[in-house]
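Participant: Fold the following and give me the result.
(2 chains)
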Amino acid sequence: MTEPATNRSFVRLSGVGHRYDPDPGVPPAVTGIDLDIRRHEFVAVVGPSGCGKSTLLRMIAGLLTPSEGEVSVLGLPVTGPRDDVGIVFQKPTLLPWLTVRKNVLFPLKHKYGRYGKDDEKRADELLAMAGLEGFASKMPDELSGGMQQRVGIVRALLLNPDILLMDEPFSALDAMTREQIGFDLLKIWHENPKTVLFITHSIAEAALLADRVLVMSKRPGTVLEVMDVDLPRPRTTRTISEPRFGQLTDRLRKHIYEPDAA
Amino acid sequence: MSLTLPEGRARASLLMAAPWVFFVALILLWELVCQVFSLPEYVLPAPTAIVDAFFKVEMSRWFTHLWATLRVALMGFAVSILVAIPIAIAMMRSELLSRTLYPLLVVIQSTPVVAVAPLIIVLMGSDDPSRVLITSLLTFFPLVVSTATGINETPSELIELSRSLDAPLRRETWQIRIPYAIPHIFSGLRVAITLAIIGAVVAEFVAAEEGLGYFIQFSTSFFRIPQAFAGLFFLAVVSLLLFKSVQWTQQLFFPWSLPRKGH
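Facilitator: As a prediction, the model looks like this:
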């Protein structure tokens, strides 16, 4: 199989929408979403609460079937859960009865019923990459919230997915932990390039992490704007103080707070 | 006037000692009331008279009665675990089954077992099986409810994780839902074990030739009130120990399911 060119669409959403309530009087959660995500692109999605960001993510994951339009990956329509997708949730949702290492290995145990020595080695390598060496034998409740979420990210990377879907992964963390884990995520992404869809409430976080930011409207969720983030990589704490960063976040803010004026 | 607690270690030991001191004080007060008012034994026996009565009964007789009650209680408890947990899982899997069974479970639960017990004895005879049935009728409902609650409280993200991995349903049940229900199952078990003793005693009240419940009833009918009290206390201690062993089991095998101290 040939490697697709990076400028070609990897994940394509064409006219995608979903309604939970069949009553036509109730607006759909999301409607008419068109989006092409390139391979190894980092796309952030921002928008007000209840705009269907999570619905969008679940449709890409194949957990939810769109009621209009189509999601496709490499030209093939998504019809059900796919194993080339890793999901990181808002809460770490680790299993409290398993050690950190076993939590990371859980996808294998759960999907195939077993794992081998090599898998354990890979889990330990991933944990080390996320700055969690020495914590493999701890129980989840011995870890801080930020560390637990790192374990959640490592768990999503175990099966080496092409697509990483992140549903407000840092929103439960305090501001400082949040910034640090964001930079660490970028480091992990540089070392293991993935196509990332990152949902967030934070405009600054979206602009700091992503290649492109998708701004969604209130319910029914539609795309208001897709903004390219032309900040150089690697991004660091210095990026935040660059004037260009300020311009970009201002523009995003305008779209969110005054969607009609923009 | 307010009760102020001292700091540090003294505080910890005071908190440890408080229930024991209170209990001993209560017993002393009871003894005192009986002595001062010279209450007759058949109205309210003094603690000393009860202890006396306890040792007058041969140990082997105590053990015969204890074993009869414990046997029924533990079998009823075991039967209800074996019935309740699969029912809860099946009800979680199928809405139809859940809708069908739930009203019946509520009817069984809200019918006083004491009233049904004589009918069960008539129907099945006065042997262990009917006593075990009476016991498990009492214990299985809290177990079904707590297991079902636990299973349904599994975070939806974990179910999505399972679905995104396209894992078989049995692994979702065994690797996610049931372990998640463990804390709830144990709170159901703690309720169920004390109900199991009650169930066994109720069954003995209806028809029995041995057992602590039978012993209490028979002692009362012969006006051997101190002996009845001795049986009652013995029963209470056994019940407490069973309750504690459920807690110990949880601590030993599922320490993660307990709230962590010092957080």
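Participant: how many neighbours does residue 33 have?
Facilitator: With no chain named, the answer covers chain A. By other CB atoms under 10 Å in any protein chain shown, 25 other residues sit near A:Ile33. From N, CA and C alone the C-beta is placed, and that goes for glycine too.
Participant: please go with chain B instead
Facilitator: Neighbours of B:Val33 (other CB under 10 Å): 12.
Participant: Then A:Met129?
Facilitator: Neighbour count for A:Met129, taken as other CB under 10 Å: 18.
Participant: Leaving out sequence neighbours, find the closest residue to it.
Facilitator: A:Ile188 (6.2 Å; CB to CB, 6 or more residues apart in numbering or on different chains).
Participant: I figured that neighbour hits A:Arg150, correct?
Facilitator: No. Using CB atoms under 8 Å, A:Ile188 makes no contact with A:Arg150, being 9.3 Å away.
Participant: higher neighbour count, these two?
Facilitator: A:Arg150 (28 against 20).
Participant: thinking again about what came up before, contacting residues around the residue nearest to A:Met129?
Facilitator: Shown in contact with A:Ile188 (CB atoms under 8 Å, 6 or more residues apart in numbering or on different chains): A:129-130, A:153, A:157.
Participant: Kindly report the same for A:Ile181.
Facilitator: So A:Ile181 contacts A:146, A:149-150, A:170, A:173 (CB under 8 Å, 6+ apart).
Participant: if you set the cut-off to 10 Å instead, what comes out?
Facilitator: Applying CB atoms under 10 Å, 6 or more residues apart in numbering or on different chains to A:Ile181 gives the contacts A:130-131, A:145-147, A:149-150, A:153, A:169-170, A:173.
Participant: Check for me that it belongs to a helix.
Facilitator: Yes. Counting by DSSP: H, G, I helix; E, B strand; the rest coil, A:Ile181 is part of a helix.
Participant: re earlier: mutual contacts of A:Ile188 and A:Arg150, please.
Facilitator: With CB under 10 Å, 6+ apart as the test, A:Ile188 and A:Arg150 both reach A:126, A:129-131.
Participant: quick one, helices of chain B?
Facilitator: B:8-36, B:47-56, B:59-93, B:95-110, B:113-124, B:128-152, B:156-164, B:169-171, B:178-206, B:212-221, B:225-253 (DSSP state H).
Participant: how about TSV for these, with mean pLDDT added?
Facilitator: Below are the helices of chain B laid out as TSV (pLDDT from 0 to 100):
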stretch	mean pLDDT
helix B:8-36	91
helix B:47-56	95
helix B:59-93	95
helix B:95-110	90
helix B:113-124	92
helix B:128-152	93
helix B:156-164	92
helix B:169-171	91
helix B:178-206	95
helix B:212-221	94
helix B:225-253	95
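Participant: These: which one's closest to chain A?
Facilitator: Nearest to chain A among those is helix B:156-164; the distance by CB to the nearest CB comes to 4.2 Å.
Participant: tell me how far the ends of stretch A:106-122 are from each other?
Facilitator: End-to-end distance for stretch A:106-122: 13 Å, by CA to CA, to the nearest Å.
Participant: Could you pull up phi and psi at A:His16?
Facilitator: Quick fix: residue A:16 reads Val, not His. When quoted as degrees, to the nearest 10, the phi and psi of A:Val16 stand at phi -80, psi 140.
Participant: With the one 4 residues further on instead?
Facilitator: The main-chain torsion angles of A:Tyr20 are listed as degrees, to the nearest 10 and equal phi -90, psi -30.
Participant: Can you check what pLDDT the model gives the nearest residue to it once chain neighbours are set aside?
Facilitator: Excluding its sequence neighbours, the residue lying closest to A:Tyr20 (CB to CB, 6+ apart) is A:Ala29, at 5.9 Å. For A:Ala29, the model assigns a pLDDT of 89.
Participant: contacting residues for A:Ala29?
Facilitator: Counted by CB under 10 Å, 6+ apart, A:Ala29 has contacts A:17-21, A:50-56, A:59, A:64, A:67, A:219-221.
Participant: what sits against the spatially closest residue to A:Arg219 that is not a sequence neighbour?
Facilitator: Distances taken as CB to CB, 6+ apart place A:Gly50 nearest to A:Arg219, at 5.4 Å, with adjacent residues excluded. By CB under 10 Å, 6+ apart, the contact list for A:Gly50 reads A:29, A:218-219, A:221.
Participant: Quick one: buried ones out of those?
Facilitator: Neighbour counting with 16 or more other CB atoms under 10 Å in any protein chain shown marks A:29, A:218-219, A:221 as buried within those.
Participant: mind listing the helices in chain A by residue range?
Facilitator: Under DSSP H, chain A gives helices at A:53-61, A:100-112, A:117-129, A:145-157, A:175-191, A:203-209, A:237-241, A:243-257.
Participant: buried ones in the fourth one?
Facilitator: Pointing back at helix A:145-157 there. For helix A:145-157, a neighbour-count test (16+ other CB under 10 Å) marks A:145-157 as buried.
Participant: how deep is the residue nearest to B:Ser126 when sequence neighbours are not counted tucked in, by neighbour count?
Facilitator: Spatial nearest neighbour of B:Ser126, excluding adjacent residues (CB to CB, 6+ apart): B:Ala207 at 3.8 Å. Per other CB under 10 Å, the neighbour tally for B:Ala207 reads 16.
Participant: Could you do B:Ile85 as well?
Facilitator: 21.
Participant: so it makes contact with B:Thr173?
Facilitator: No. B:Ile85 is not in contact with B:Thr173 according to CB atoms under 10 Å; the separation is 11.2 Å.
Participant: overlap in contacts of those two?
Facilitator: B:Ile151.
Participant: per-residue confidence for the residue lying closest to A:Arg58 once chain neighbours are set aside?
Facilitator: Once flanking residues are discounted, A:Arg58 sits nearest to A:Leu64: 4.1 Å by CB to CB, 6+ apart. Looking at A:Leu64, its pLDDT is 92.
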